[in-house]
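Peer 1: Here is the input, now give the coordinates:
(2 chains)
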Protein chains: 2
Amino acid sequence: MNWKNDVTRLLNIEYPIIQAPMYGVTTSEMVKAASRANCLGSLPLGDLPADKCIEAIIATKKLVDRTFAVNIFVNTIPELTEDLKEKYTSVKKFIEHLAGHHNLEINLPKIEEIRTKNYHDQIDAIISEGCKILSFTFGNLDKQSIDKLKSNGTILIGTCTSVNEAIILEKSGIDIICVQGVEAGGHRGSFAEENIPEIGGLSLLSKVYDCTNVPLIYAGGIYNARTLMATQTLGAQGFQIGSLFLGSSESALKEFEKQRLRNLDEADIVLTKSFSGRYARGIRNTFTDSTELAQQILPYPYQNKLTNELRKIAKENNNVDFVSIWTGQSINEYSEKSTFEIIKKLIKAVDNNL
Amino acid sequence: MNWKNDVTRLLNIEYPIIQAPMYGVTTSEMVKAASRANCLGSLPLGDLPADKCIEAIIATKKLVDRTFAVNIFVNTIPELTEDLKEKYTSVKKFIEHLAGHHNLEINLPKIEEIRTKNYHDQIDAIISEGCKILSFTFGNLDKQSIDKLKSNGTILIGTCTSVNEAIILEKSGIDIICVQGVEAGGHRGSFAEENIPEIGGLSLLSKVYDCTNVPLIYAGGIYNARTLMATQTLGAQGFQIGSLFLGSSESALKEFEKQRLRNLDEADIVLTKSFSGRYARGIRNTFTDSTELAQQILPYPYQNKLTNELRKIAKENNNVDFVSIWTGQSINEYSEKSTFEIIKKLIKAVDNNL
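Peer 2: Predicted coordinates:
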């Protein structure tokens, strides 16, 4: 396989494999390993405040000597109405009660303690730190941000989960589109929060290839040479891989989480809004089941902020029933090897046409 | 591309392309066209009573001089409890009222008029008519039926929507597995009725290929050479195609339905239980939206039987708001050419590596 293409040229890498930005899983070491394999590492910044973004970028720059991508959530903040405040109190109580019932004593933040910000400060931080590749999800950047980033020479990678979203990204001058098939783990990158597209990668990638002229990265379900090569046939020039690294030595998952992944049945993998208020694919557990059933879910980012503390404490307690473990639909072996070795093995398999 | 493989050998065809059995769309003429293209035609029998199956088979045999597949729904009939009777009355009233509100005067059957049967009589009819290829969905055949069909020399094609379902089919000696990706139009072939798997073809096909040793047909999203070839890379030896024929000259869809398909936005395609009580992918309309919202849905086959008359009358009245138009996630051009020409064009495109 000839690996050189528009994506390797634009991102200045040898192999067009992108280590997916996985908030809570990706470490600076994982970014380093992907870079060392001559692929693109991605540092997830989610909706971190600007100062935390700068911290994470500096820490990663210390380890990684080539360009890596940073990834942010482009989300509009819903207005804090009286209804929302009331619902917040109800959800807070529900979660505290649920956790307490399972011997997890927590005190979640009051709504007054929640800091919400849109992504503009993050963009300034990213520019000030000299980051030259920015990927984003949950919508498109506004025109002003796009102009600012472009005049700074930043390559922009937008995420689509439908053909309509891809066309919006292309029209606004985004350099590369990451096509996220329904197979993908973690957050759906959909622009909308409700009635999101759930289109399989096979249809979506091929249709986006038909309807746009932008280089495409595919994300969702790639776990071996076969799946990678199929997405190339469908029109992808770049291959974003996430779940394959969940068990790697650089993953921030703890042993009890990796253990859960190794004992996974396909029916355990669900789409849930329970952790963040945005749909994400991961492993169902007591928390997702109970919260979905009771419909105790706030809009993003409030649900996300509210459950942060819960997840942190659950993780400290090795409590698999209250942590969020995101994963895609291709259950794999979750190799414990290093990210570097996993990538090298995949490249070799493709080159050997396995 | 070398088209000869286990699937062409088992099904005695030249090209391993299978015209999907689409109840309400596929005609004997469509089966004939697929056969004439040296591919496999499939006659949908759904849950028709045995005498109606025999009628349809005889009519098709008159037109088609090579072996075609017949397709049935393998569904258990839920017990007719008092609760179900009560719910039936409520749903009947709801639908009559909804249709009346939209100037569609209908009288739906009372529950006493509903005939429900499991598939055993259909199998006897199929054997008596000498059909040698049987495909089925909604579960696995029971052992007795499998033994009977096998001793009659019938090739069996089971449908899976998960790896677990594929393994069950393989263990019971099914000859070929049709892997149905989430992209597929029409009914989901899932064994369960609730919490069905919704796995993208990319993940599902490759994982089923990893986990079984049976020749695989792939169904869901194939609409051009690229998508067909990608599924070959993923492990498919056969390629089932349905939506591509919806607009064809042999399609039983009426002009107003084809017109609706030509003006389709991807967000119009949804999974709905509203027409049959089983999840199926098709175009949302007044009926699907209202019925889903009100949750006026009976288990299969009761919902299906109840809405039959509604759909028939809506079709007679060219009323797009109350017909079921199934389609997959790859919106295509819905060519008005013949099924024969559509297949030939696809084969040529694959051979030319387009």
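
Peer 1: and the stretch 51-200 of chain A, which of its residues are near chain B?
Peer 2: Residues of the stretch 51-200 of chain A lying close to chain B (CB under 8 Å from any CB of the partner chain) are A:162-164, A:181-183, A:195, A:197-200. To be clear about C-beta, it is placed using only N, CA and C from the backbone, and glycine gets the same treatment.

Peer 1: of those residues, closest to A:Tyr334?
Peer 2: Within those, the smallest distance to A:Tyr334 is 16.1 Å, found for A:Glu183 (CB to CB).

Peer 1: hang on, isn't that closest one packed against A:Leu202?
Peer 2: No. Using CB atoms under 8 Å, A:Glu183 is not in contact with A:Leu202, being 9.3 Å away.

Peer 1: So between these two, which is more surrounded?
Peer 2: A:Leu202 (37 against 30; other CB atoms under 10 Å in any protein chain shown).

Peer 1: Remind me which helix or strand the more buried one belongs to.
Peer 2: Using DSSP states H and E, A:Leu202 maps to helix A:201-211.

Peer 1: tell me which parts of the stretch 201-350 of chain A are close to chain B?
Peer 2: A:201-204, A:206-207, A:209, A:220-224, A:226-227, A:229-231, A:233-235, A:265-267, A:328-331.

Peer 1: let's see it at 6 Å
Peer 2: Contacts of the stretch 201-350 of chain A with chain B, taken as CB under 6 Å from any CB of the partner chain, map to A:201-203, A:206, A:221, A:226-227, A:229-230, A:233-234, A:266, A:329-330.

Peer 1: which of those residues has the most neighbours?
Peer 2: A:Leu202 (37 neighbours).

Peer 1: wouldn't that one be in contact with B:Leu204 here?
Peer 2: No. Applying CB atoms under 6 Å, one finds A:Leu202 not in contact with B:Leu204, separated by 9.9 Å.

Peer 1: mind checking which helix or strand A:Leu45 is in?
Peer 2: Assigned by DSSP H and E, A:Leu45 falls in strand A:42-46.

Peer 1: Now do that strand: everything it contacts.
Peer 2: Strand A:42-46 is contacted from outside by A:19, A:21, A:23, A:26, A:31, A:53, A:60, A:68-73, using CB atoms under 6 Å, 6 or more residues apart in numbering or on different chains.

Peer 1: If we use 7 Å, what do you get?
Peer 2: A:18-23, A:26, A:31, A:53, A:56-57, A:60, A:68-73, A:122, A:135 (CB atoms under 7 Å, 6 or more residues apart in numbering or on different chains).

Peer 1: same check, this time on stretch A:130-145
Peer 2: Defining contact as CB under 7 Å, 6+ apart, one finds that stretch A:130-145 is touched by A:11, A:21, A:42, A:57, A:67, A:69-75, A:120, A:123, A:126, A:149, A:153-159, A:168-169, A:172, A:178, A:187, A:189, A:191.

Peer 1: if we can go back for a sec, shared neighbours of A:Leu202 and B:Leu204, which are they?
Peer 2: Jointly contacting A:Leu202 and B:Leu204 under the rule CB under 7 Å, 6+ apart are B:Gly181.

Peer 1: ok so, going back, keep only those of the contacts of strand A:42-46 that are in helices.
Peer 2: Here DSSP state H is the test, and the contacts of strand A:42-46 give A:31, A:53, A:56-57, A:60, A:122 as lying in helices.

Peer 1: could you flag which of those are buried?
Peer 2: Among the ones in helices among the contacts of strand A:42-46, the ones that count as buried by 16 or more other CB atoms under 10 Å in any protein chain shown are A:31, A:53, A:56-57, A:60, A:122.

Peer 1: is it possible to export the residues you listed to JSON lines including pLDDT and distance to B:Lys258?
Peer 2: Below are these laid out as JSON lines (pLDDT from 0 to 100; distance: CB to CB, whole Å):
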{"residue": "A:Val31", "pLDDT": "98", "distance to B:Lys258": "51"}
{"residue": "A:Cys53", "pLDDT": "98", "distance to B:Lys258": "52"}
{"residue": "A:Ala56", "pLDDT": "98", "distance to B:Lys258": "54"}
{"residue": "A:Ile57", "pLDDT": "98", "distance to B:Lys258": "54"}
{"residue": "A:Thr60", "pLDDT": "98", "distance to B:Lys258": "54"}
{"residue": "A:Gln122", "pLDDT": "97", "distance to B:Lys258": "48"}
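
Peer 1: Quickly name whichever of these is closest to A:Ser324.
Peer 2: Closest to A:Ser324, out of all of those and judged by CB to CB, is A:Ala56, at 19.3 Å.

Peer 1: how close does that closest one sit to A:Gln122?
Peer 2: 11 Å (CB to CB, to the nearest Å).

Peer 1: can you give me the helices for the stretch 251-354 of chain A?
Peer 2: Under the criterion DSSP state H, counting those that start in this stretch, helices of the stretch 251-354 of chain A are mapped to A:255-262, A:286-294, A:302-316, A:339-351.

Peer 1: same question for the first one, mean pLDDT?
Peer 2: Mean pLDDT, taken over the full extent of helix A:255-262, equals 97.

Peer 1: would you list every one of the strands in chain A?
Peer 2: A:17-19, A:42-46, A:69-73, A:133-137, A:155-160, A:176-180, A:186-187, A:216-219, A:238-241, A:269-272, A:280-283 (DSSP state E).

Peer 1: between these, which one is nearest to B:Thr81?
Peer 2: Closest to B:Thr81 of the strands of chain A is strand A:269-272 (CB to CB; 29.9 Å).
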